[in-house]
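Peer 1: build the 3D model from these lines:
(3 chains)
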Amino acid sequence: MDAVNKEKVISVDKLVKRFGDFTAVNEITFDVYKGEIFGFLGANGAGKTTAIRMLCGLSTPTGGAASVAGLDVYKQAEQIKRNIGYMSQKFSLYDDLTVKENIRLFAGIYGLSRKVIKEKSEKILKELGLEKEADTLAGSLPLGWKQKLAFSISIFHEPKIVFLDEPTGGVDPITRRQFWEMIYNAAHEGITIFVTTHYMDEAEYCNRVTIMVDGQIAALDSPKALKEQYKSASMDEVFYQLARKATRKGD
Amino acid sequence: MKQLFSFVRKEFYHIFRDKRTMIMLLGMPVIQLILFGFAVTNEIRNSSIAILDKSNDIATQKITERFRASKYFNVKEVLHSESDIQNAFRSGKVKMVVVFPQNFNNDLSHTNSAQIQLIADASDLNTATTLINYASNIIMEYQSTILDADIPYRINTNIRMLYNPQLRSAYDFVPGVMGLILMLISAMMTSVAIVKEKELGTMEILLVSPIKPFLIIISKVIPYLILSLINILSVLLLSVFLLNVPVAGSVWLLMGESTLFIITSLSLGITISTVTQSQQAAMLISLMGLMLPTILLSGFIFPIDNLPYLLRLLSNIVPVRWYIGIVRSVMIKGTGFGTVMNETIILIGFTVVFILISLRRFKIRLE
Amino acid sequence: MRTLLFLLQKEFLQIFRNKTILAIILVVPVVQLLILPNAATFEIKNIKIAIVDNDHSTYSAELIDKFVSSGYFILADYANSYNQAIKTIERNKADLILEIPPHFERDLVKKSVTNLSISVDAVNGEKAGLGAGYAGQIIQDFNKQIRTKWIALPKYNSAPVINITFSNWYNPLMNYKTFFVPGILVLLLTLVGGLLTALNIVREKEIGTIEQINVTPIKKIHFITGKLLPFWLIGLFILTIGFIISALVYHIVPAGSFFTIYLFAAVYLVAFLGFGLLISTYSNTQQQALFVVFFFLMIFFLMSGMFTPIESMPRWAQIITYFNPIRYFIEVIRLVVLKGSLLRDVFPQLAIMCVFAVVFNVWAIINYRKKA
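Peer 2: Coordinates of the predicted model:
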């Protein structure tokens, strides 16, 4: 694991989100540093998705403070969007557009010039080995390829941070490995990775990991430290110990 | 059996949770009935006309009086010269002009012959024709009053209006509304609902379960069956109590035939779902292939007899046309089963065909 | 701005790859224009008559012949009794029954008066009225014929007669269809603007791609414009196709100016696109959207004057039609296409349409901002 820069790219202080009587996120506090691979774990219903949505500017917090890439989530949500990338498992690409068209659309949205788009597209297609499929509809790609392509597209515009919401769900182990290699490369280039996942082995790949339980942060440290703290051989066990105490189930 | 029940229950939840659609489904017949019952009608009422009277004698005045008194007409303007006519039409103010020539009464009493000219704005030919008919009737009525009552060799015609003595348009379209609603719910909604599961992929899950596939389909279809029955009942209640259109024949026969037609529509809906892959396609086929023909070719609004030959032929393969005929016979004319036996058999035939097609397509899919 | 271009590119690509939408854009207008005007006619034709002749005399035969050769009626049945004849009415195979009593000829000649009975299936009031009217006319004619045979004296032959002459203006081809065709163009535009738009947006919601859009720096207004603009263009395109078909198949060419029509259509489309957008903000699934749009469009169309005249509606219904945008377009398109009205003639309607456009779109955008 590379040594991380001490520059904070995400800063969260007692962030709260309430839906009526229900407090989905209850005063969470943490920081994320540049170039980190930050794992965001938790059972369903623990509040992960809600937290991510606030950081992406998709929903306004009820209380607390947070800044992403130095921008305030309350007042500068639109600008935050310029500086981040996003990818989720259930959707990433338009099935009825070709691979090339998907790249062009999203790159264009982030303001890249046609020249740059052309050059970078060729590069990415080559790296992913998708040159022959450039004009195929994205919908006909197998899931693993789709997700890898989607990841490439999400960092196409070289954002400071990229949020990945369960990106490897349903993908075979080999492809998952390849995916994580891509993530490492991105982190190496200075992109901060904020990833949520259910796969505890992936938790091991992160620099630091936080585990949310019932809307709060139950643990925040590197995987190694957590395993020592909870006297466990694997992140699985750490997670199990913490999640057992959860009172909320299901998103 | 218990499994079937739990599936049916799941389907009901799906539907009930979608409150908006539910309200529409139940409210649509009500609204349609109200609209058709009170607002939408071809009956001519208070049609604006103008009179150009060059004689102004007792005869023309009497005739004009009749026009004013008629509920069909509203004498909006009295014109003074021919040149006014163009303006009256262009501005859209009147739809017809009645022109009395000079010396009208004189001519009538002394030479036994006089003229009246009716000029109609024929851009709306339907209305124009009707207006001219009614106007002619009014003039004819006047003519018969000045006829010598003792004229020999007289044929008296006794005209009897059957089933609907007051000529209310409600009697004509209630059957149509019933057919339309059933078609809409049973065929369209069903096909979309089934295809949706196909689209979302949940259909495969159901197919893998130990329940027989045809029971899955049945479970999807039962809620719409029940909804349709509820709608039929509400339409009947509204017709009887709100629109005063009574059920002249047997209610049981009516409900029986309606249930048959619901099953026909449901099987049509299922058939559609077996040939489409996406909801959009199902909707398109339902709208174009069901709704439009239903509205146009079934005798709902436009009488089948008015259709050109080709379209009349086409209307024979629109199932709802037969149902509407049955309802007209049983509900409005009060006939018994014998009269509608042929149509019933045709509906059964349609149902069988649809079910066979669906079964076949289903088997193909599974292979 | 650039973003908008990229979005438009995406939208057009998606639309043209979507076979269903293409079918709606190309096939449906053609089919509707070809079939609808032919089907949607209130012109009463083919009235079926069942005849019961209890006299079997020369006169009754003459009378029957007059009916059959009149062109108004089709002989459906020649029954032996009323009871038999009524069955054809019950089966919907006859529309009226002419019953000639026994001794018809004898009574007419000897007693100078006789009776005929006509029973009419009055379920369809229009048809009944017309059928009875035609029958009455034929009988009157027959009566006059008989009378003139027997009486040569002018005194009795001198029933005063009012001759009615008819003139039909603005419809030189005496074409029932001219009235409907413009209305169908309106129908097409409304479907494209309202329905397609709503379905398109809700589809993205249903699939989930809207989330991805929300995360990007795309401004909502750009996204909405990107969704609406293609359909605006498609709408105008369909209008053009509609005019071409009308001209070729029905020989209907607007008496007024195309500019007026297109201007109004442009504003009208904006209004209905807004309507479609509005519905999409209230719907989560395509099924819902379809149903809601269908529900409103059905009411709007029934109350628009397209099928039945607004004057025939009761006062309360007429007031409701003031809030119906379709009513105005139908008025305008008929005035301009059939009577050649000018832009200044329809200016009030145009102004009202602008109001609708603003109201729908503002409401929709506010809603969209809140929810998405």
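
Peer 1: phi first, then psi, for B:I346.
Peer 2: Here is the backbone geometry of B:I346 (degrees, to the nearest 10): phi -60, psi -40.

Peer 1: pretty sure it sits against B:W322.
Peer 2: Yes - between B:I346 and B:W322 there is a contact at 5.2 Å, judged by C-beta atoms under 8 Å. Every C-beta, even on glycine, is put in place using the N, C-alpha and C of the backbone.

Peer 1: does the spatially most central residue of chain C sit in a helix, a strand or a coil?
Peer 2: For chain C, the residue nearest the mean C-alpha position is C:F307 (3.6 Å; C-alpha atoms, centre = their mean). The three-state label given to C:F307 by DSSP: H, G, I helix; E, B strand; the rest coil is coil.

Peer 1: follow-up on the earlier one: the more surrounded of B:I346 and B:W322?
Peer 2: Taking neighbours as other C-beta atoms under 10 Å in any protein chain shown, B:I346 and B:W322 compare with B:W322 leading, 27 against 18.

Peer 1: who's in contact with the more buried one?
Peer 2: B:W322 makes contacts with B:343, B:346-347, B:350, as judged by C-beta atoms under 8 Å, 6 or more residues apart in numbering or on different chains.

Peer 1: of all those residues, which two lie farthest apart?
Peer 2: Greatest spacing in the contacts of B:W322, by C-beta to C-beta: B:E343 and B:F350 (10.6 Å).

Peer 1: now for the helix or strand harbouring B:L233, which elements pack on it?
Peer 2: Per DSSP states H and E, B:L233 falls inside helix B:213-241. Under the contact definition 3 or more C-beta pairs under 8 Å, 6 or more residues apart in numbering or on different chains; DSSP states H and E, helix B:213-241 sits against helix B:2-17, helix B:19-34, helix B:170-182, helix B:190-200, helix B:202-208, helix B:251-275, helix B:337-366.

Peer 1: which parts of the shortest one are buried?
Peer 2: For helix B:202-208, the neighbour count (16 or more other C-beta atoms under 10 Å in any protein chain shown) marks B:203, B:206 as buried.

Peer 1: for that helix, name the packing helices and strands.
Peer 2: helix B:190-200, helix B:213-241.

Peer 1: need those helices in CSV with mean pLDDT, mean neighbour count and distance to B:I262, can you?
Peer 2: Below are those laid out as CSV (pLDDT from 0 to 100; neighbours: other C-beta atoms under 10 Å in any protein chain shown; distance: least, C-beta to C-beta, whole Å):
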stretch, mean pLDDT, mean neighbour count, distance to B:I262
helix B:190-200, 80, 22, 10
helix B:213-241, 85, 18, 5
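
Peer 1: CSV please, covering those and showing distance to B:I49.
Peer 2: CSV is the format used below for these (distance: least, C-beta to C-beta, whole Å):
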stretch, distance to B:I49
helix B:190-200, 48
helix B:213-241, 34
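
Peer 1: surely the residue nearest to the centre of chain C meets C:A39?
Peer 2: No - in this structure, C:F307 is not within contact of C:A39 by C-beta under 8 Å, at 11.8 Å.

Peer 1: against chain B, how distant is the closest residue to chain C within the stretch 1-150 of chain A?
Peer 2: Relative to chain C, the nearest point of the stretch 1-150 of chain A is A:G108 (3.6 Å; C-beta to the nearest C-beta). Distance, A:G108 to chain B, by C-beta to the nearest C-beta, to the nearest Å: 27 Å.
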